[in-house]
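Q: Prediction below, plus the sequence it came from.
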Amino acid sequence: MSAGDVVMTTGTIRGLKEKYPDSQIDYMTSEQYINILEGNDDISKIIKWGESVNQSDYDLILWPHYKIRTAAFGRQDVHLADIYARLCGVERRDLYINPDDSYQIDLPKNFITVHTTSHPMKNYDRFNEVVELLKDDIDIVQIGGKDDIAINATETIINLCGKLTYRQTAYIIKKSILHIGIDSCCGHISSAVDKLSITVFGGTGARVVRPITKSIVIEPDYIACCPILAPCYGVAPWPCNNKCINTIDPSVIVESVRQNII
C-alpha cells in the first residue's frame, strides 16, 4: 500500500463511520504512513502494520487493498477511491488529512507547490524545463521525500524535500495557489485539503487515479507515442525506452499553470 492509497481510503473511513456511527474504527498501516492518519477523528486507533492484534476483538475486519493489489483495477472506469469504498460496502466521502503547521518557515505570499518523484514510470523528467519557464511568474516550493529528484533551479525555488511530514506537506499545499505534480500522494493530499492540482500522467490511467476533486489532468497522446496505445502501469514492457509522459511538452503544463494563477 502506498501513501496515496492511504489518503484515498480516508473517504472510505468516513463512509464507514456514517454507516456504523457507534463503532470504533481502527486502522492498520505501515509505520511510515501513520502520520497521514493522525488527527483523524473518525479513527479510534492507528495500528502499525505487523503488530499483533486479537481478531476476535473486532466485529468486522476489512482489507480492501489485498484485493486491489492483485486485481486489474486500472481497467475500470471507476476511481480507485470509490473502488476502496465499494469493496467496504459504503459510499465514499471526502478525503481527509489534518494539516500540521508546525514546520517553521516563512512562505511567499503567493506560491505553487511542485512534486517530481514517484515510481520511475510516473516521473515526468522535464520539470526543470517547466520551472525554468515559470520561475519569473510565481514563487515555487518543491515538496516530497529526501530522495526525490531535485529541480535544478535551486536558487529560485524553496526545496522542502525530506523536511516535512505528510501532514506538514498538507499544510504547505493548502497555503499554495495550486499544486503541480505527477500521479502521487501529493495530488491526493491536494484533494483532501480542497486545493486545485495539475497532474501530469503517463504510465497510469488518470480516469482511475487522478486527484478526485479540483484536478486538471495532462496526459500524453497514447495513440501517437505508445505501442499499446494506453497507460501500461509499468508492465508492457518496463523499463520503457520512450516514456510516454516525457512526450508532453512543458509549455502545455506552463500554460495551464498560468491560466490558473491569475
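A: Received it, and whenever you're ready, just let me know what you need.
Q: Which strands and helices lie in contact with whatever helix or strand E255 lives in?
A: In this structure, E255 sits in helix 250-260 according to DSSP states H and E. Here helix 250-260 is seen to pack against helix 127-134, strand 197-200, strand 215-218 when contacts are counted using 3 or more CB pairs under 8 Å, 6 or more residues apart in numbering; DSSP states H and E. Quick note: C-beta positions are derived from backbone N, CA and C, even for glycine.
Q: For burial, what's the neighbour tally of the closest residue to T156 other than its chain neighbours?
A: What sits nearest to T156 in space, not counting adjacent residues and going by CB to CB, 6 or more residues apart in numbering, is K135, at 4.5 Å. Other residues lying near K135 total 15 when counted by other CB atoms under 10 Å.
Q: Isn't K135 up against N152?
A: No - with contact defined as CB atoms under 8 Å, K135 and N152 do not form a contacting pair (10.8 Å).
Q: Longest helix of this protein, counting residues only.
A: Ranked by number of residues, the top helix in the chain under DSSP state H is helix 3-19.
Q: Grab the CA positions of that helix and hand them over as CSV.
A: Output in CSV follows, covering the C-alpha atoms of helix 3-19 (Å, rounded to 0.1, in the frame of the first residue of the first chain):
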residue,chain,number,x,y,z
ALA,A,3,0.9,6.8,0.8
GLY,A,4,-1.6,7.8,-1.9
ASP,A,5,-3.7,4.7,-1.2
VAL,A,6,-3.8,5.6,2.5
VAL,A,7,-5.1,9.1,1.6
MET,A,8,-7.7,7.7,-0.8
THR,A,9,-9.0,5.3,1.9
THR,A,10,-9.8,8.2,4.2
GLY,A,11,-13.0,8.7,2.2
THR,A,12,-13.9,5.1,3.0
ILE,A,13,-13.2,5.6,6.7
ARG,A,14,-15.7,8.5,6.7
GLY,A,15,-18.2,6.3,4.9
LEU,A,16,-17.8,3.5,7.4
LYS,A,17,-18.3,6.0,10.3
GLU,A,18,-21.5,7.1,8.8
LYS,A,19,-22.7,3.5,8.3
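Q: next structured bit after that helix?
A: On the C-terminal side of helix 3-19, the nearest following helix or strand under DSSP H and E is strand 26-29.
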